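Asks: Here you go, sequence then predicted model.
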Amino acid sequence: MSDFQLIAKTTYGLEDILAAEILKLGGRDIQTLNRAVRFTGDLGMIYKSNLCLRTALRILVPVTSFQVSDEESLYNEMKQIEWEKYLDVTDTLAIDTVLSTDLFNHSQFISQKAKDAIVDRFREREQNRPSVDLDRPTLRINLHIIDDVCDVSFDSSGDSLHKRGYRDQTNKAPLNEVLAAGLVLLSGWQKHRNLVDPMCGSGTILIEAAMIAANIPPGYYRTEFGFMLWKKYLAFDENLWNTIYDAVINRISSEPARIFGGELSHHVTRKAKENVKLARVEDLVNIKESDMLDFEPPEGGGVVILNPPYGERMDKDDIFELYKSIGHTFKKKYAGYDCWMITSNMEALKVVGLRPSRKIKVFNGPLECRFVKYEMYKGTKKLHKIRNADDAQDDE
């Protein structure tokens, strides 16, 4: 079976975690990029990557690259590609464009121009043309223009891979599933230890941790991926897919895990419990209605992962008071825990009153954040003894 160059897209800060996932899955020639990882794999690797990678947003299959100078050159280059190798006139297409260039300003306009080139080629050759379907196309085409180079890829994922399919109920600011999984992996949590999210919202961090503990692949809940609609180039091999799927599903574990959450709002707690049921991990995750200040963590230490409000919709004094109380609660109740917290509010982070031993730059949607670690020692250890506390730096 032939090998292909593949690109897994991710969010900033998760590139190394994603590269480690790809290596474990069997990818080769792995190279970390900005918000992406390049690697080599066969058709089966395309299927496994979509099914199993927790920190990937999309799996792209590069097709060609060319230089562009203006809209006309883009049109001409796109029209020269032998699209009949990939599409029939009865098929559908969609084009997504990402711009990192001064040549063009509007990605939708470039997508339209590229679409015109493709359908004009079909019209001239076959007097008919594929149509556009933005929701469920036969082939989703990805254009990434960096400076004067346009990379053309096929998107094998379809919907973004963060759309696991288990989360029907969300609160106003749900954490992206890919980022949630990335935070759990960055924290170094192991399933024999306690994992606690005392401000769990819709439960995404807890669910992703449970999936990791039970070896549940993130694509388990989805009914379709983009590659399943491919007919010509890399046409969908249902037998190969079923073999890979069955092998992955057979590795799901029934071993217990220690995953606990708390949520102040009765309404949101109900949503979180419903999401846990939809993910079929209710035997692994325990959520109760509780204020973080009153939440009693299980004995034995472990890992806390917290995604508190960042303050966009709160008064400055209130957000500062909240962050002070978080720091106080960590000191009072979480001896023996590694307490991790993600926030975009760097001012509020300063009033937590603890010295982080690590800071990792990540993005929650468009918000630049820090994922910070506080090591809460048991016994007589003092905060100033936290290793590397005085020179904790951002991980770039």
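Replies: Okay, I see it. Note that the coordinates shown come from a computational prediction; the quantities given were computed from them, not determined experimentally.

Asks: ok, now how distant is the nearest residue to residue 174 once chain neighbours are set aside from residue 270?
Replies: With Cβ to Cβ, 6 or more residues apart in numbering as the criterion, residue 174 has its nearest non-adjacent residue at 5.2 Å, and that residue is residue 202. All C-beta atoms are positioned from the backbone trio N, CA, C, and that covers glycine. From residue 202 over to residue 270 the distance is 10 Å, taken as Cβ to Cβ, to the nearest Å.

Asks: which of the two has more neighbours?
Replies: Under the neighbour definition other Cβ atoms under 10 Å, residue 202 and residue 270 were set side by side, and residue 202 has more, 25 against 14.

Asks: So that one is in contact with residue 180, correct?
Replies: No - the criterion here is Cβ atoms under 8 Å, and residue 202 misses it with residue 180 at 10.0 Å.

Asks: ok, which stretches of this protein are helices?
Replies: For the chain, the helices defined by DSSP state H cover 15-25, 43-52, 71-80, 107-126, 177-187, 204-213, 238-249, 266-278, 316-333, 346-350.

Asks: Just list what the longest one packs against, helices and strands only.
Replies: What that stands for is helix 107-126. Helix 107-126 is packed against helix 71-80, strand 92-100, strand 139-146, with contacts defined by 3 or more Cβ pairs under 8 Å, 6 or more residues apart in numbering; DSSP states H and E.

Asks: okay, these in JSON lines with mean neighbour count and distance to residue 7 next?
Replies: Formatted as JSON lines, the helices and strands packed on helix 107-126 follow (neighbours: other Cβ atoms under 10 Å; distance: least, Cβ to Cβ, whole Å):
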{"stretch": "helix 71-80", "mean neighbour count": "16", "distance to residue 7": "19"}
{"stretch": "strand 92-100", "mean neighbour count": "18", "distance to residue 7": "12"}
{"stretch": "strand 139-146", "mean neighbour count": "22", "distance to residue 7": "9"}
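
Asks: looking at the ones you listed, which is closest to residue 262?
Replies: Of all the helices and strands packed on helix 107-126, the one in closest proximity to residue 262, counting by Cβ to Cβ, is strand 92-100 (38.7 Å).

Asks: Strand partners (parallel or antiparallel) of the closest one?
Replies: Strand 92-100 sits in its sheet next to strand 131-132 (parallel), strand 139-146 (parallel), going by DSSP bridges.

Asks: For that strand, what is the distance to the chain centroid?
Replies: Strand 92-100 sits 20 Å away from the centroid of its parent chain (Cα atoms, centre = their mean, to the nearest Å).

Asks: who's in contact with the nearest residue to residue 354 once chain neighbours are set aside?
Replies: Distance criterion Cβ to Cβ, 6+ apart; nearest residue to residue 354, sequence neighbours excluded, is residue 374 at 4.6 Å. Residues near residue 374 by Cβ atoms under 8 Å, 6 or more residues apart in numbering: 330, 338, 339, 340, 341, 352, 354, 355, 356, 357, 386.

Asks: Show the buried residues in those residues.
Replies: With neighbours counted by 16 or more other Cβ atoms under 10 Å, the contacts of residue 374 contain buried members at 330, 338, 339, 340, 341, 352, 354, 355, 356, 386.

Asks: would a markdown table of those residues with pLDDT be doable?
Replies: As requested, the buried ones among the contacts of residue 374 are exported to a markdown table (pLDDT from 0 to 100):
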| residue | pLDDT |
| --- | --- |
| 330 | 96 |
| 338 | 97 |
| 339 | 98 |
| 340 | 98 |
| 341 | 98 |
| 352 | 96 |
| 354 | 95 |
| 355 | 94 |
| 356 | 95 |
| 386 | 45 |
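
Asks: where in the stretch 51-200 of the chain is pLDDT low?
Replies: The model of the stretch 51-200 of the chain has pLDDT under 70 over residues 168-173.

Asks: how far away is the closest residue to residue 344 other than its chain neighbours from residue 42?
Replies: Distances taken as Cβ to Cβ, 6+ apart place residue 367 nearest to residue 344, at 4.1 Å, with adjacent residues excluded. Taking Cβ to Cβ as the measure, residue 367 falls 37 Å from residue 42.

Asks: who has more neighbours, those two?
Replies: The residue with more neighbours, out of residue 367 and residue 42, is residue 42; 16 against 13, by other Cβ under 10 Å.

Asks: I'd like to know how far that one sits from residue 6.
Replies: Distance of residue 42 to residue 6, computed by Cβ to Cβ: 10 Å.

Asks: my guess is residue 376 contacts residue 329, does it?
Replies: No - judged on Cβ under 8 Å, residue 376 makes no contact with residue 329 at a distance of 10.3 Å.

Asks: The residue nearest to residue 53 when sequence neighbours are not counted: what's it in contact with?
Replies: Nearest in space to residue 53, with sequence neighbours left out and distances taken as Cβ to Cβ, 6+ apart, is residue 21 at 5.3 Å. Going by Cβ under 8 Å, 6+ apart, residue 21 touches 52, 53, 54, 55, 56.

Asks: how about JSON lines for those, with distance to residue 347 added?
Replies: Formatted as JSON lines, these follow (distance: Cβ to Cβ, whole Å):
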{"residue": "52", "distance to residue 347": "39"}
{"residue": "53", "distance to residue 347": "35"}
{"residue": "54", "distance to residue 347": "32"}
{"residue": "55", "distance to residue 347": "29"}
{"residue": "56", "distance to residue 347": "33"}
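
Asks: so which of these is the most crowded?
Replies: residue 55 (31 neighbours).
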